[in-house]
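>>> Dropping the sequence and predicted coords here.
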Amino acid sequence: MGRGARHAAADLPYPADRGWDFWNLLASLGVPFQAAAVLVFLVNVAISVRRGARAGSDPWDAWTLEWATTSPPPPYNFETAPVVESRRPLWDLKHPDDPDGPHE
């Protein structure tokens, strides 16, 4: 049968004289940093789920129509099809006095 999960040094996928030792060590030393980053992310998600404020229908003051409906959207999105006269229809509806927006 098989040997299980045991591997000898001779079972490496590359010969020892190929120069991969440093890069293998560097990748191995990076694992704790990756694990710490994942842990920070998971803690942030848990805190946000428990204590975070609910986002509104348009938390980013967006330009496009997908943010014009409620969140979550109803099955029909819009009762009637909205009229689109520019590439930023929602911005134009919300800010008629600032047609160029904050980024132009």
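Perfect, I can see it now. All figures in this text were calculated on a predicted structure; none of them were measured in a lab. Residues are numbered from 1 along each chain as shown.

>>> Name the nearest residue to D58, sequence neighbours excluded.
Closest residue in space to D58, ignoring its immediate chain neighbours: W67 at 4.3 Å, by Cβ to Cβ, 6 or more residues apart in numbering. Glycine gets a C-beta too; all of them are placed from N, C-alpha and C.

>>> For that neighbour, give me its contacts.
S57, D58, W60, L90 (Cβ atoms under 8 Å, 6 or more residues apart in numbering).

>>> let's see it at 7 Å
S57, D58, L90 (Cβ atoms under 7 Å, 6 or more residues apart in numbering).

>>> Could you tell me how far the least confident helix or strand in the chain by mean pLDDT lies from the centre of the chain?
Counting by mean pLDDT, DSSP states H and E, the chain has its least confident helix or strand at helix 89-94, which shows a mean of 85. Mean-position distance between helix 89-94 and its chain equals 26 Å (Cα atoms, centre = their mean, to the nearest Å).

>>> Mind listing residues that contact that helix?
Around helix 89-94, the neighbours that count as contacts under Cβ under 7 Å, 6+ apart are A62, W63, T64, L65, W67, A68, P82, S86, P99, G101.

>>> Do you know the pLDDT at the first one?
What it means is A62. On the pLDDT scale, A62 is placed at 85.

>>> What residue, apart from its backbone neighbours, is nearest it spatially?
Using Cβ to Cβ, 6+ apart, the closest residue to A62 is L90 (6.2 Å).

>>> Could you measure from D21 over to A27?
With the distance defined as Cβ to Cβ, to the nearest Å, D21 ends up 11 Å from A27.

>>> What of F41?
20 Å.

>>> center of the chain, which residue is that?
Most central in the chain under Cα atoms, centre = their mean is F41, positioned 11.2 Å from the mean C-alpha point.
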